[in-house]
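**Q** Sequence first, predicted model second:
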Amino acid sequence: MSRLFWLTEEQVERIAPLFPKERGVGRADDRKVLSGTIYVIKNGLQWVDAPSEYGPHKTLYNRFKRWSENGVFERIFEELAKPQNDAGNVLMIDATHLKAHGTASSLKKGAMSRLIGRTKGGLNTKLHALCDNLGRPVRLHLTEGQRSDFKGADVILKDLPKAETLIGDRGYDSKKIRKMLEEQKIAPCIPPKKNRKETIEYCKVTYKTRHKVENLFAKLKDWRRIATRYDRCAHTFRSAIYLAAIIIFWL
């Protein structure tokens, strides 16, 4: 029995309207090329090692690179992750580190930012995520590994989808974040830092559901080219994460 991954016809039909329009000579079969791309990213392969059933490995790589540069995977993710009727009224935020492999970790001065930084754990990239009540990502953001959680929160907490509560760990306990949520009429479920002088109440029962965003990261890291970053360019690594999120949570 073949262990190769194949998108279903129904899945391709759902996202096909968001593909770039063909120009000139027709491009290689979308289902085959995307399935091969997903197989490479999920299994942590080099592009040259892609199974021949998916076609030439250069076709897979060139399509992925071109669509990454054009933001195709990001647009597909954003379209599928629009507010859903079953999303509930709770949002969750968290961040995790993704280790950079030696092939991705060149940090030449003056080069375009690759969003790789140094922490105690070595060179890595930090992934910030916002998920809904079912643990599905609705916003994703990359920064250098040493960036604080606040830097990611500044981006993904703007103009939030309609919600009543946002859950975050005590790393997000700041006056700025609480004010951002208050302005959007969203109640923070964030435990106070241990050095905070004033008492801040939060619902401990609601806070226990925060494991859903941690489960999100665990599922994404099951894809080997996400758990370990091999891509030098930030936009290709970001696209790999979007593609994984699309397949795992939204198709």
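**A** Cool, got the structure. Numbers count the residues shown, from 1 in each chain.
**Q** packing partners for the strand or helix carrying residue 79?
**A** Taking DSSP states H and E as the definition, residue 79 sits inside helix 72-80. In terms of contacts (3 or more Cβ pairs under 8 Å, 6 or more residues apart in numbering; DSSP states H and E), helix 72-80 is packed against helix 234-245. From N, CA and C alone the C-beta is placed, and that goes for glycine too.
**Q** which residues touch the helix it packs on?
**A** The contact list for helix 234-245 (Cβ atoms under 8 Å, 6 or more residues apart in numbering) reads 37-38, 41-42, 64-65, 67-69, 72-74, 76-77, 81, 104, 112-115, 125, 127, 137, 140, 142, 220, 223, 225-226, 229, 231.
**Q** returning to that earlier point: and the helix holding residue 79, which residues are buried?
**A** 72-77, 80 (16 or more other Cβ atoms under 10 Å).
**Q** Which two among those residues are spaced furthest apart?
**A** The most widely separated members of the buried residues of helix 72-80 are 72 and 80, with 12.8 Å between them, by Cβ to Cβ.
**Q** For the chain, give me the ranges with low pLDDT.
**A** Scanning the chain for pLDDT under 70 picks out the ranges 1-2, 24, 106-112.
**Q** Quick one: the helices in the stretch 51-200 of the chain, in order.
**A** Per DSSP state H, counting those that start in this stretch, the stretch 51-200 of the chain carries helices over the ranges 57-69, 72-80, 149-156, 175-183.
**Q** from the middle of its chain, how far away would the first one be?
**A** Think helix 57-69. 19 Å (Cα atoms, centre = their mean, to the nearest Å).
**Q** In that helix, which residues are buried?
**A** 57, 59-61, 63-65, 67-68.
**Q** ok, now the third one?
**A** Burial within helix 149-156, assessed by neighbour count using 16+ other Cβ under 10 Å, is assigned to 149, 152-153, 156.
**Q** any idea how far it is from the chain center?
**A** Here helix 149-156 is found 14 Å from its chain centre; the criterion is Cα atoms, centre = their mean.
**Q** number of nearby residues for residue 83?
**A** Using other Cβ atoms under 10 Å as the criterion, residue 83 is surrounded by 11 other residues.
**Q** Is it in contact with residue 161, as I believe?
**A** Yes - using Cβ atoms under 8 Å, residue 83 is in contact with residue 161, at 4.6 Å.
**Q** thinking again about what came up before, nearest to residue 14, of the buried residues of helix 72-80?
**A** Using Cβ to Cβ, the buried residues of helix 72-80 come closest to residue 14 at residue 80, 8.1 Å.
**Q** OK, contacts around that closest one?
**A** For residue 80, counting by Cβ under 8 Å, 6+ apart, the contacting residues are 15, 246, 250-251.
**Q** from the residues you listed, which would you call buried?
**A** 15, 246, 250.
**Q** Can you give me the buried ones in stretch 171-185?
**A** 171-174, 177-178, 180-181.
**Q** So what does the nearest residue to residue 87 once chain neighbours are set aside have for phi and psi?
**A** In space, not counting the residues next to it along the chain, residue 87 is nearest to residue 132; the distance is 4.0 Å by Cβ to Cβ, 6 or more residues apart in numbering. When read as degrees, to the nearest 10, the backbone of residue 132 gives phi -90, psi -170.
**Q** I'd like the distance between residue 132 and residue 43.
**A** Distance from residue 132 to residue 43, counting by Cβ to Cβ, to the nearest Å: 28 Å.
**Q** Between these two, point out the one with more neighbours.
**A** residue 132 (24 against 15).
**Q** show me the contacts for the more buried one.
**A** So residue 132 contacts 84, 87-88, 90-92, 138, 161 (Cβ under 8 Å, 6+ apart).
**Q** roughly how far apart are it and residue 50?
**A** Distance, residue 132 to residue 50, by Cβ to Cβ: 33 Å.
**Q** again with residue 16
**A** Counting by Cβ to Cβ - residue 16 and residue 50 are separated by 22 Å.
**Q** Between the two, which is the more surrounded one?
**A** Counted by other Cβ under 10 Å, residue 16 and residue 50 do not tie: residue 50 has more neighbours, with 21 against 11.
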